[in-house]
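Enquirer: below are the sequence and a predicted model for it; my questions follow.
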Amino acid sequence: GAGVSQTPSNKVTEKGKYVELRCDPISGHTALYWYRQSLGQGPEFLIYFQGTGAADDSGLPNDRFFAVRPEGSVSTLKIQRTERGDSAVYLCASSSGDEQYFGPGTRLTVT
Amino acid sequence: SQQGEEDPQALSIQEGENATMNCSYKTSINNLQWYRQNSGRGLVHLILIRSNEREKHSGRLRVTLDTSKKSSSLLITASRAADTASYFCATVSSGTYKYIFGTGTRLKVLA
């Protein structure tokens, strides 16, 4: 079956702009995670959804970051007033148990 | 940093040799998982070991867990060029669904 997909695969934006990153999880997976990965580092937890609700958003770095999952499937990570330090690969993963299935990521570059 | 630590940071071996990488973490965990990442994009789940297990095998992979030392090791036997990738451990603390990833080991297997 289809895996986790993320769009766009690459996004270049100017400092101060707003961006949305989309994640389509595996059908039927109730858990969805967002991570941010900088070069040479491991994925850094941002937020976890169980169904439609954010069960743990403790990893969001500040209030410029927000994520939604209105129907318990597709999720959108929203970043306002982007800064150069937001440049990274943003990974999404979904799960129906202990194992996470990752998407290919969105590489965000803020110029 | 919320991340666990892995060592070595980089490892280069000849095809057919064994590769061992280690992971240390900071809190009590529910389980520990190992993931592989190629080319800095999506991660692939390799193996999970629960806190009440000490050793687990899957094909050419062997994982050990020492909860008293808060450490785990991943052994890849009879390595192949296709094993070249970054390997990350991820822990889930008891009572949460928040995954904490290590800093990763970059493995290069020379043909």
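Expert: All right, it came through fine.

Enquirer: now do the residue nearest the centre of chain A against A:Gly103, distance only.
Expert: Note on chain A: the residue nearest the mean C-alpha position is A:Trp34, at 3.7 Å, using C-alpha atoms, centre = their mean. Per C-beta to C-beta, to the nearest Å, A:Trp34 is found 10 Å from A:Gly103. Just so you know, the C-beta spots here come from the backbone N, C-alpha and C atoms, and that holds for glycine as well.

Enquirer: so what's in contact with these two at the same time?
Expert: By the contact definition C-beta atoms under 8 Å, 6 or more residues apart in numbering or on different chains, A:Trp34 and A:Gly103 are jointly contacted by A:23, A:91-92.

Enquirer: buried subset of the residues you listed, written for PyMOL?
Expert: Selecting only the buried entries of the shared contacts of A:Trp34 and A:Gly103 in PyMOL, with 16 or more other C-beta atoms under 10 Å in any protein chain shown as the criterion:
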select buried, chain A and resi 23+91+92
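
Enquirer: from the shared contacts of A:Trp34 and A:Gly103, pick the one nearest chain B.
Expert: Using C-beta to the nearest C-beta, A:Leu91 is the member of these that lies nearest chain B, at 6.9 Å.

Enquirer: so where do the strands sit in chain A?
Expert: Along chain A, counting by DSSP state E, strands occupy A:5-7, A:10-13, A:19-24, A:31-37, A:44-50, A:53-56, A:65-68, A:75-79, A:88-95, A:101-102, A:106-110.

Enquirer: right, and the ones you listed - which one's nearest chain B?
Expert: The nearest among those, by C-beta to the nearest C-beta, is strand A:101-102 at 4.2 Å.

Enquirer: avg pLDDT for that closest one?
Expert: The pLDDT scores in strand A:101-102 average 96.

Enquirer: which other residues reach it?
Expert: Outside strand A:101-102, the residues that reach it (C-beta under 8 Å, 6+ apart) are A:3-4, A:25-26, A:29, A:91-95, B:35, B:42-45.

Enquirer: ok, of those residues, which one's closest to B:Gly95?
Expert: Comparing the contacts of strand A:101-102 against B:Gly95 with C-beta to C-beta places A:Ser95 closest, at 17.0 Å.

Enquirer: is that closest one in contact with A:Tyr48, as I believe?
Expert: No. Assessed by C-beta atoms under 8 Å, A:Ser95 is found out of contact with A:Tyr48, at 9.5 Å.

Enquirer: against B:Val92, how distant is the nearest residue to A:Ser94 once chain neighbours are set aside?
Expert: Leaving out its chain neighbours, the residue that sits closest to A:Ser94 by C-beta to C-beta, 6 or more residues apart in numbering or on different chains is A:Pro25, at 3.3 Å. Shown here: A:Pro25 relative to B:Val92, a distance of 19 Å by C-beta to C-beta.

Enquirer: neighbour count: the two, which is higher?
Expert: Ranked by neighbour count (other C-beta atoms under 10 Å in any protein chain shown), A:Pro25 and B:Val92 place A:Pro25 first, with 28 against 20.

Enquirer: touching, the more buried one and A:Glu71? I think so.
Expert: No. In this structure A:Pro25 lies outside contact range of A:Glu71 using C-beta under 8 Å: 11.4 Å.
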